[in-house]
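Give me a model of this one.
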Amino acid sequence: MISSILSALGAIFLVILSILFFPLIFRIIIIIASVVLVFLAFYGLATIALPIILVILAIAVIYWILI
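Okay, the predicted model is just below:
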């Protein structure tokens, strides 16, 4: 339960980051990936979705730092 909530919060954070800082193509990719990962999280696959969201968050933060 908590991991699915964390996955959803991570996906929301990714969408906010993508809207604020990333070019259009990254926004589209991240929003689509976030929606898919939220569905995975809420259908009981949070053990798969949470690490994927953490990796995408790490990539997003590294990209943001390097800009």
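
where along the chain do the helices fall?
2-21, 24-42, 46-66 (DSSP state H).

and the second one, which residues are buried?
Neighbour-count burial for helix 24-42, counted by 16 or more other CB atoms under 10 Å, picks out 27, 30, 33-34, 37-38, 40-41. In short, each C-beta sits where N, CA and C put it, glycine included.

which of those lies closest to Ala60?
Distances from Ala60 to the buried residues of helix 24-42, taken as CB to CB, are shortest for Ile30 (7.1 Å).

So the closest one versus Ile2, what's the distance?
If you measure Ile30 against Ile2 using CB to CB, to the nearest Å, the figure is 23 Å.

Over to Pro51?
In terms of CB to CB, Pro51 sits 15 Å off from Ile2.

The two - which one has more neighbours?
More crowded of Pro51 and Ile2, by other CB atoms under 10 Å: Pro51, with 12 against 8.

ok, now which ones touch that one?
Pro51 makes no contacts at all, as judged by CB atoms under 8 Å, 6 or more residues apart in numbering.

Leu20 and Leu66, how far apart?
16 Å.

Which one's more surrounded, these two?
A direct count of neighbours by other CB under 10 Å for Leu20 and Leu66 places Leu20 higher, at 9 against 6.

Could you check how far the residue nearest the centre of the chain is from Leu37?
Here the mean C-alpha position of the chain is nearest to the C-alpha of Ala11 (CA atoms, centre = their mean), at a distance of 3.6 Å. Taking CB to CB as the criterion, Ala11 is separated from Leu37 by 5 Å.

Identify the contacts common to the two.
A shared contact of Ala11 and Leu37, defined by CB under 8 Å, 6+ apart, is any residue touching both; here these are Ile53.

rewinding a little: could you dump the helices of the chain to JSON lines with mean pLDDT?
Supplementary listing: the helices of the chain in JSON lines, determined by pLDDT from 0 to 100:
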{"stretch": "helix 2-21", "mean pLDDT": "72"}
{"stretch": "helix 24-42", "mean pLDDT": "73"}
{"stretch": "helix 46-66", "mean pLDDT": "73"}
